[in-house]
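> make a model of this:
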Amino acid sequence: MAAEIQPQPQARKPCLLSKIEAFQDVVSSAVIIPKEDGVISVSEDRTIRVWLKRDSGQYWPSVHHTMSSPSSCMSFNPETRRLSVGMDTGSICEFILSEDYNKMTPARTYQAHQGRVTVVLFVLEMEWLLSTSQDKNFTWHCSESGQQLGTYRTAAWVSGLQFDVETRHAFVGDQSGQVTILKLEQDNCSLVTTFKGHTGNVTALCWDPAQRVLFSGSSDHSIIMWDIGGRKGTAIELQGHNDRIQGLCYASHTRQLISCSSDGGIVIWNMDVTRQETPEWLDSDSCQKCEQPFFWNFKQMWDSKKIGLRQHHCRKCGQAVCGKCSSKRSTIPLMGFEFEVRVCDSCHESITDEDRAPTATFHDSKHSIVYMHYEPTTGNLLTSGTDKVIKLWDMTPVVS
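Have a look, this model is predicted:
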């Protein structure tokens with residue numbers, strides 16, 4: 001069922017604690033149960049399982065429930081032990097777990113959507129159940145009465161959802177790459193604003209209510225930190241993944257961001273540093289360093305009797321430059337570039353070794369991640385992969 005891993009002491013690396021296997025299909029969502037050696041999983045194999053760690057060190061299912069269709073997502077509230085499971089059919093099934101996590105009792109079914117539920121989020125303070133679906137509808141229900149309170153039609157189907165209790169703002173990220181902020185009331189909502197910075201679809205959202213910062217991850221491999229509270233429109237890019245972002249979690253006690261990608265990469269970002277916005281790329285018909293014409297600038301090419309060059313941009317200053325004037329590469333961690341990127345020669349000279357000091361650490365989970373969950377009370381991270389395996393990690397060596 002599940003194997004206990006005997007951890008080898010290594011500094012500054014996540015430590016693999018356990019693997020949970022025996023699934024027939026991919027685990028679409030899972031959570032670590034706080035204050036318990038336990039995990040709740042929902043899977044495309046139509047099962048809902050509660051795994052508890054036994055004296056042998058292995059995880060065994062104390063609850064094994066089979067649904068009528070695949071489970072696509074879930075939300076678990078530890079205080080009420082309320083489990084809300086989004087289904088492939090568009091419905092949301094709610095269960096209450098017993099105190100010892102050995103029994104699961106059906107509570108209610110919401111006929112919420114016409115398509116596969118993509119995100120479900122239970123908000124205890126409001127007694128609301130928020131959900132999104134491939135039917136392009138964002139809805140919220142009263143968790144006490146089961147009645148639908150409101151719905152909002154999105155431009156594309158939603159793949160990321162977060163909620164701020166204090167302001168009643170819902171953050172909705174969709175497949176077009178756009179993030180929409182909605183102000184929710186008891187029976188209606190109003191559009192606050194929309195913003196877009198990704199070239200791919202939004203795949204993950206993470207909200208930090210203390211700093212009032214929203215993180216968005218995308219299929220374009222990038223993460224953007226949106227300073228919502230500062231009201232200045234500041235957006236900081238983080239470039240450290242080579243594949244689609246699959247999950248984001250913020251450890252507020254250490255001011256570190258944990259991100260996972262579908263190639264198995266786990267990156268720990270130090271957000272307790274002063275980061276800089278990347279510059280806007282400037283437009284020019286010729287190199288802003290040597291003034292050589294770019295290949296579409298026919299007039300200057302004719303006048304100077306020179307062949308037009310290809311245009312590039314320096315990632316540090318944003319100037320339009322030719323290849324000869326931007327032959328160097330450098331990391332710029334405070335701008336979010338943890339990998340080497342193109343910079344113009346003058347900017348390369350100005351970047352010091354201190355400027356190149358990394359602000360992130362990189363780790364390999366050795367499976368293609370589809371979902372992640374971080375539990376700050378234990379410092380443990382859960383990853384589920386396309387290999388139908390859940391891995392549990394001790395993150396205290398790197399999140400501290």
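> pLDDT-wise, which helix or strand of the chain ranks last?
Scoring the helices and strands of the chain by mean pLDDT, DSSP states H and E places strand 2-4 at the bottom, with a mean of 48.
> list the contacts for the residue lying closest to residue 314 once chain neighbours are set aside?
Nearest-residue entry for residue 314: residue 344, 3.9 Å, with adjacent residues in sequence omitted and distances by C-beta to C-beta, 6 or more residues apart in numbering. C-beta here means a position set from N, CA and C on the backbone, and glycine is covered the same way. By C-beta atoms under 8 Å, 6 or more residues apart in numbering, the contact set of residue 344 is 289, 314, 316, 317, 319, 321, 325, 326, 328.
> wait, isn't the fourth one in contact with residue 279?
So the one you mean is residue 317. Yes - Residue 317 lies in contact with residue 279 (C-beta atoms under 8 Å); the separation is 6.1 Å.
> list the buried residues in stretch 175-193.
Across stretch 175-193, burial judged by 16 or more other C-beta atoms under 10 Å covers 175, 176, 177, 178, 179, 180, 181, 182, 184, 189.
> take those residues and keep only those in strands.
178, 179, 180, 181, 182, 184, 189 (DSSP state E).
> between those, which is nearest residue 212?
Of all those, residue 212 sits closest to residue 181, with 12.0 Å by C-beta to C-beta.
> so what sits opposite that closest one in the bridge?
residue 171, residue 193 (DSSP bridges).
> gap between it and residue 226?
Residue 181 sits 10 Å away from residue 226, taking C-beta to C-beta, to the nearest Å as the criterion.
> which one is residue 41 nearest to, not counting chain neighbours?
Using C-beta to C-beta, 6+ apart and skipping residues adjacent in sequence, the residue nearest residue 41 is residue 30, 4.1 Å away.
> after whatever helix or strand that neighbour lives in comes which helix or strand?
Using DSSP states H and E, residue 30 sits in strand 27-33. Sequence-wise, the next helix or strand downstream of strand 27-33 (DSSP H and E) is strand 38-43.
> hang on, the earlier thing: now that we have the contacts of residue 344, which one has the most neighbours?
The member of those that has the most neighbours, counting by other C-beta atoms under 10 Å, is residue 321 with 30 neighbours.
> give me the three-state assignment for residue 302.
Recorded secondary structure, residue 302: helix (DSSP: H, G, I helix; E, B strand; the rest coil).
> contacting residues for it?
By C-beta under 8 Å, 6+ apart, residue 302 has no neighbours at all.
> check it and give its pLDDT.
On the pLDDT scale, residue 302 is placed at 74.
> picking that back up, next step: the contacts of residue 344 restricted to strands.
Mapping these onto strands (DSSP E) picks out 321, 328.
> let's have the contacts of residue 344 in CSV, adding pLDDT and distance to residue 128.
Listed next are the contacts of residue 344 as CSV, based on pLDDT from 0 to 100; distance: C-beta to C-beta, whole Å:
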residue, pLDDT, distance to residue 128
289, 90, 55
314, 94, 47
316, 93, 45
317, 94, 46
319, 92, 49
321, 91, 51
325, 93, 55
326, 92, 51
328, 91, 52
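> circling back: return the member of the buried residues of stretch 175-193 nearest to residue 284.
residue 177 (26.7 Å).
> three-state assignment of the residue nearest to that closest one when sequence neighbours are not counted?
Here the nearest residue to residue 177 in space, its sequence neighbours aside, is residue 198; by C-beta to C-beta, 6+ apart that works out to 4.1 Å. Assigned with three-state DSSP, residue 198 falls in the coil class.
> quick one: pLDDT of residue 198?
94.
> before we move on, the earlier item: tell me which two of the buried residues of stretch 175-193 sit farthest apart.
Checking these with C-beta to C-beta, the most distant pair is 177 and 184, at 22.8 Å.
> and the residue lying closest to residue 37 once chain neighbours are set aside, how many neighbours does it have?
Closest residue to residue 37 apart from its sequence neighbours, by C-beta to C-beta, 6+ apart: residue 53 at 3.5 Å. Residues near residue 53, counting by other C-beta under 10 Å, number 19.
> ok, residue 53 touching residue 33?
No - assessed by C-beta under 8 Å, residue 53 is found out of contact with residue 33, at 10.1 Å.
> so what does residue 334 look like in phi/psi?
Note on residue 334: backbone dihedrals following degrees, to the nearest 10 are phi -70, psi -20.
> against residue 385, how distant is it?
Taken as C-beta to C-beta, the span from residue 334 to residue 385 is 32 Å.
> for those two, indicate the residue with more neighbours.
Between residue 334 and residue 385, counted using other C-beta under 10 Å, residue 385 has the larger neighbour count: 22 against 16.
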